[in-house]
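Visitor: starting from these lines, generate the structure:
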Amino acid sequence: MSEPWVEWLDMDAREDALCEDLHKQQEFWAQYPNACISRCFLENLEMIIRIYTDEQDGGPEALRDYLCSIDLDEVTLAAQPPQPQQPPPGVTPPPPGTPPGAQPPDVVLPPDIPMARKVEGTSREHWARNVIIGAAESLGLHLNVAQAQAIQAVSRGESAYGRGWKTAEGQNSNNWGAVQAGKPPCNPASSFEYTDSFPNKDGTSTKYQACFKKYATPEEGAAHVVRLLMISRPTTRDAALSGSLHGVSKTMYDTGYYQGFGATPEKRIANHVSALQKNLDAITKALGEPQYLK
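Guide: The predicted structure is shown next:
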């Protein structure tokens with residue numbers, strides 16, 4: 001996962017996409033008065049972006065440094081009683097007494113895409129799917145199979161479920177989503193240093209050093225990817241819910257999850273779609289399930 005703010009600030013379309021997604025986050029979390037997700041920051045992010053893009057106030061570098069110092073994805077519960085709510089489809093908390101993995105009655109699914117359930121099997125793909133389903137349930141989310149496939153394809157492509165890092169520290173980090181934690185020097189208790197890259201307009205890529213998060217367990221690493229894709233990014237959640245592979249890649253790019261490689265945004269998204277497709281092919285073959293994310 002590349003540092004997400006490097007190229008945004010001179011691209012009005014990307015800025016507009018961020019603000020649109022921000023507004024959807026505000027609408028979503030407004031339904032949960034017992035949840036706090038850096039509410040003040042979310043409410044003021046659009047203004048912050050426009051202020052910092054003025055060179056007199058520090059310009060893109062200042063905004064990048066500021067944004068990279070903030071974790072948008074940590075959710076904590078305030079000491080308030082839960083309020084009646086009607087969350088969006090695909091992220092409905094199960095009603096009292098719903099057994100794990102059961103479909104909440106008010107979830108409206110796209111035609112022919114069933115709810116995701118834990119699977120039986122001994123392969124790494126079976127293990128990863130079950131970790132993802134468990135992580136989603138721990139967050140109160142019930143995924144359909146297309147959403148589970150999206151999360152699993154991203155996790156497999158970013159880090160091979162935390163085992164694809166080329167250093168021992170990375171392989172022991174349980175970092176499934178290649179989630180960064182700012183710039184070096186890194187705190188060894190919570191992150192590790194690794195090389196990443198960002199794309200240039202001539203099609204080349206520039207390498208840089210970044211800190212990547214550590215998690216105590218694979219379940220924690222997977223849960224953060226679930227939050228990033230299904231809670232922090234409503235547009236990605238909705239694209240996955242509907243089974244749109246291109247929509248998942250495009251919304252992830254538009255909201256800064258990855259930068260990819262290639263000379264233009266279109267090429268970077270196309271390359272990401274291709275990589276996701278290869279991972280989806282391997283996942284669905286191992287699980288023996290239809291590919292619902294297309």
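
Visitor: ok, which stretches of this structure are strands?
Guide: 35-36, 76-77, 191-199, 205-213 (DSSP state E).

Visitor: got a list of what the residue lying closest to Asp281 once chain neighbours are set aside touches?
Guide: Of all residues not flanking Asp281 in the chain, Gln291 sits nearest, at 7.7 Å (C-beta to C-beta, 6 or more residues apart in numbering). To be clear about C-beta, it is placed using only N, CA and C from the backbone, and glycine gets the same treatment. Counting by C-beta atoms under 8 Å, 6 or more residues apart in numbering, Gln291 makes contact with 149, 280-281, 284.

Visitor: any of these buried? List them.
Guide: Neighbour-count burial (16 or more other C-beta atoms under 10 Å) is assigned, among the contacts of Gln291, to 149, 280, 284.

Visitor: from these, which land in helices?
Guide: Counting by DSSP state H, the buried ones among the contacts of Gln291 place 149, 280, 284 in helices.

Visitor: kindly present those as TSV, with separate columns for pLDDT and distance to Lys207.
Guide: TSV is the format used below for these (pLDDT from 0 to 100; distance: C-beta to C-beta, whole Å):
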residue	pLDDT	distance to Lys207
Gln149	98	31
Leu280	98	28
Thr284	98	33
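
Visitor: nearest to Gly157 among those?
Guide: Of all those, Gly157 sits closest to Leu280, with 9.4 Å by C-beta to C-beta.

Visitor: how about the contacts made by that closest one?
Guide: 149, 153, 245, 291, 293 are the contacts of Leu280 under C-beta under 8 Å, 6+ apart.

Visitor: so how far is Leu245 from the fourth one?
Guide: Applying C-beta to C-beta, to the nearest Å, one obtains 9 Å for the distance of Gln291 from Leu245.

Visitor: next: the second one.
Guide: Ala153 is 9 Å from Leu245, where distance means C-beta to C-beta.

Visitor: show me whatever sits in contact with both of these two.
Guide: Common contact partners of Ala153 and Leu245 (C-beta under 8 Å, 6+ apart): 276, 280, 293.

Visitor: and which of those residues is nearest to His126?
Guide: Leu280 (15.3 Å).

Visitor: how near is that closest one to Thr217?
Guide: Distance, Leu280 to Thr217, using C-beta to C-beta: 25 Å.

Visitor: one more: Val179?
Guide: With C-beta to C-beta as the criterion, Val179 and Thr217 are 15 Å apart.

Visitor: more crowded one of the two?
Guide: Using other C-beta atoms under 10 Å as the criterion, Val179 and Thr217 rank with Val179 on top: 22 against 12.

Visitor: dihedrals phi and psi, the more buried one?
Guide: Dihedral angles of Val179 (phi, psi; degrees, to the nearest 10) stand at phi -80, psi 130.

Visitor: right, and it touches Ala222 too?
Guide: No. Val179 is not in contact with Ala222 according to C-beta atoms under 8 Å; the separation is 11.2 Å.

Visitor: what does stretch 150-165 contact?
Guide: By C-beta under 8 Å, 6+ apart, stretch 150-165 touches 1, 124-125, 128-129, 131-132, 136, 143, 170-171, 173-178, 194, 218, 221-222, 225-226, 229-230, 236, 239-240, 245, 248, 252, 275-276, 278-280, 282-283, 293.

Visitor: do that again at 7 Å, thanks
Guide: With contact meaning C-beta atoms under 7 Å, 6 or more residues apart in numbering, stretch 150-165 is reached by 1, 124, 128-129, 132, 171, 173-178, 194, 218, 221-222, 225-226, 229, 240, 248, 275-276, 279-280, 283, 293.

Visitor: could you give me the buried positions within that stretch?
Guide: For stretch 150-165, the neighbour count (16+ other C-beta under 10 Å) marks 150-159, 161-162, 164-165 as buried.

Visitor: of all these, which two lie farthest apart?
Guide: Farthest pair in the buried residues of stretch 150-165 (C-beta to C-beta) is Ala150 and Trp165. Separation: 21.8 Å.

Visitor: how close does the residue lying closest to Ala148 once chain neighbours are set aside sit to Ala150?
Guide: By the measure of C-beta to C-beta, 6+ apart, the closest residue to Ala148 outside its immediate chain neighbours is Ala116, 3.8 Å from it. Applying C-beta to C-beta, the value for Ala116 to Ala150 is 11 Å.

Visitor: pretty sure Ser249 contacts Ser274?
Guide: No. At 9.2 Å, Ser249 does not count as touching Ser274 under the criterion of C-beta atoms under 7 Å.

Visitor: of these two, who's got more company?
Guide: Neighbours were counted for Ser249 and for Ser274 using other C-beta under 10 Å; Ser249 has more, 28 against 10.
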